[in-house]
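Enquirer: pasting the structure only:
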């Protein structure tokens, strides 16, 4: 019973969360994992667009370094969930127009209704958006019962033991990221229940921290904050500190300056060609198409990685990483072109899927 193509623009996660734990079927677990894959994938375009707008690309620049590490965390989460899905006999779908992320728009599956996710350069506003995507307490969002993304992953963890017998070494990808990006970031086979539950713990803690601390317990370096708190610092412009008076963590510490960046404007729905005032000229259109082609080829490479026997997926993942580098180069060329209707801003990559 394979996973079918699922619609990105639906409230399917809300629907899944409304089903009691004991009533989940094998198909619903597979659908939940495909939704989780789509959710992880949906965060990479806005985060990477902001990252690639930064002009000072030095790892010693703390904002650049922090966002870069989060992007790699999301890639690791994506890979781990893909391994969960294929281990129980599901199929990873990434290259159907119904499945790919769409911007501006809400997160897939009905997560955080009303939160519009957009593509733009780095700003306090975009960092605030990213914090709201990652926020642990807020209706990051299920309209019916107020559950969070963390609760969605916890539901998957709670349901998985009933279907542990499905786990098998099929279409598993192994890819090392931990040596360069921190503990927990290796993409590893997930063919046992303890391995699956540990991977879910990593995904939750890297995004939200723990109930006791804002720090990422699986960091690239000591003291690294979970995603929500990293973005919150950038949005507020102050470091996170513990307030003894209120016994709470607050952004009251030293200043967090924004690094110099290209003023990338918000990308319109369906791409810049849909904005008559800023329709790209031919050279700009070529750059935009080049980026979209690399992005689409990357999705195809990733889909291939999880469709071949275990041990054979590393090659397509390497190809996907190479394409990600080409996307970065294309994005930086795009970011250098001013908008004709408002030259205070520049074009940004569209992240549109192009069929082969």
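Expert: Happy to help now that I have it. Everything numeric in this text was worked out from a predicted model, so none of it was measured. Numbers count the residues shown, from 1 in each chain.
Enquirer: Output the longest strand belonging to this structure.
Expert: For the chain, the strand with the greatest residue count under DSSP state E is strand 248-255.
Enquirer: what does it rub up against?
Expert: The contact list for strand 248-255, computed with CB atoms under 8 Å, 6 or more residues apart in numbering, reads 214, 229, 232, 233, 236, 237, 238, 239, 240, 241, 242, 243. For every residue, glycine as well, the C-beta is placed using N, CA and C.
Enquirer: And the buried ones among those, selectable in PyMOL?
Expert: Command for PyMOL, covering only those of the contacts of strand 248-255 found buried under the criterion 16 or more other CB atoms under 10 Å:
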select buried, resi 214+229+232+233+236+238+239+240
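Enquirer: Pairing partners for the longest strand of the chain, with directions?
Expert: strand 238-243 (antiparallel) (DSSP bridges).
Enquirer: pLDDT-wise, which helix or strand of the chain ranks last?
Expert: helix 178-181 (a mean of 80; mean pLDDT, DSSP states H and E).
Enquirer: pLDDT weak spots in the stretch 201-350 of the chain?
Expert: 209-212 (pLDDT under 70).
Enquirer: show me where it has helices.
Expert: Per DSSP state H, counting those that start in this stretch, the stretch 201-350 of the chain carries helices over the ranges 227-236, 282-305, 314-334.
Enquirer: Just the buried residues of the longest one, please?
Expert: Which is helix 282-305. Neighbour-count burial for helix 282-305, counted by 16+ other CB under 10 Å, picks out 284, 287-305.
Enquirer: tilt between that helix and helix 314-334?
Expert: 160 degrees (axes from the mean of the first three to the mean of the last three CA atoms, to 10 degrees).
Enquirer: State the number of residues packed around residue 98.
Expert: By other CB atoms under 10 Å, 12 other residues sit near residue 98.
Enquirer: tell me the pLDDT at it?
Expert: At residue 98, the model reports a pLDDT of 89.
Enquirer: Residue numbering should commence at 13 henceforth.
Expert: Got it, the first residue is 13 from now on, which makes the last one we talked about residue 110.
Enquirer: For the nearest residue in space to it that is not next to it in sequence, give its distance to residue 96.
Expert: Among residues not flanking residue 110 along the chain, residue 19 sits closest, at 5.0 Å (CB to CB, 6 or more residues apart in numbering). Distance, residue 19 to residue 96, using CB to CB, to the nearest Å: 21 Å.
Enquirer: neighbour count winner among those two?
Expert: In this view residue 19 and residue 96 are compared by other CB under 10 Å, and residue 96 has more residues nearby, 26 against 13.
Enquirer: what sits against residue 78?
Expert: Here residue 78 is in contact with 237, 242, 246 (criterion: CB under 8 Å, 6+ apart).
Enquirer: Just give me the neighbour total for the first one.
Expert: So the one you mean is residue 237. The local packing count at residue 237 equals 21, with neighbours defined by other CB under 10 Å.
Enquirer: Specify the beta-bridge partners of it.
Expert: residue 227.
Enquirer: I'd say it and residue 229 touch.
Expert: No. With contact defined as CB atoms under 8 Å, residue 237 does not count as touching residue 229 (10.9 Å).
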